[in-house]
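Undergrad: pasted the sequence and its predicted model underneath.
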Amino acid sequence: MSRLEMIDGENWREFTQAPVAALMLARNKCGACASWTEELTAELEDPAKGEGVRFGKMLLDQKGLMDFKRENLWLASVDALPTTVIFVNGERKKVFAGGGWERLENRIKRLT
């Protein structure tokens, strides 16, 4: 079972309220998004990596995200995908374009 959860209109609130959550924003048919998904999935096969952090992926072109988009107006400023958002106790703490396990891991360490 993958540690990378699929986040949608039904579970995004609960996911973002976790003590630490890293959410990848992506779209279908996005090559860079697919590459970041593969890298993140491979890294998360090691249970010691990202311990205590929930990892999720949201496809912004899926239906059912109106509430998420309405409550997160900062999404309008996202101009590159994939974009990774780190939430700490429900508060958006860091947003960065692109992927990269080391980049994500370093940002999480600085926030926790």
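TA: In hand now; what should we look at? Quick caveat, the model's predicted, so the values are computed rather than measured.

Undergrad: select the longest helix from the chain.
TA: helix 31-43 (DSSP state H).

Undergrad: next, the buried residues of that helix.
TA: By neighbour count on 16 or more other Cβ atoms under 10 Å, the buried set for helix 31-43 is Cys33, Trp36, Thr37, Leu40, Glu43. To be clear about C-beta, it is placed using only N, CA and C from the backbone, and glycine gets the same treatment.

Undergrad: neighbours around Ala97, how many?
TA: If you count neighbours by other Cβ atoms under 10 Å, Ala97 ends up with 13.

Undergrad: ok, the host helix or strand of Leu23: who's next to it in the sheet?
TA: Using DSSP states H and E, Leu23 maps to strand 20-26. Note on strand 20-26: by DSSP bridges, its sheet partners are strand 54-59 (parallel), strand 83-88 (antiparallel).

Undergrad: what's the closest of these to Phe96?
TA: Closest approach to Phe96 among the strands paired with strand 20-26 is made by strand 83-88 (5.7 Å; Cβ to Cβ).

Undergrad: switch the strands paired with strand 20-26 over to CSV; also include distance to Pro47, mean pLDDT and mean neighbour count.
TA: Below are the strands paired with strand 20-26 laid out as CSV (distance: least, Cβ to Cβ, whole Å; pLDDT from 0 to 100; neighbours: other Cβ atoms under 10 Å):
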stretch, distance to Pro47, mean pLDDT, mean neighbour count
strand 54-59, 12, 98, 21
strand 83-88, 20, 97, 20
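
Undergrad: adding distance to Ser2, write these out as TSV.
TA: Shown next, in TSV, are the strands paired with strand 20-26 (distance: least, Cβ to Cβ, whole Å):
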stretch	distance to Ser2
strand 54-59	9
strand 83-88	17
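
Undergrad: who does the residue nearest the centre of the chain form a beta bridge with?
TA: The centroid of the chain falls nearest to Leu23 when counting by Cα atoms, centre = their mean (1.3 Å). Counting by DSSP bridges, Leu23 is bridged to Gly56, Val85.
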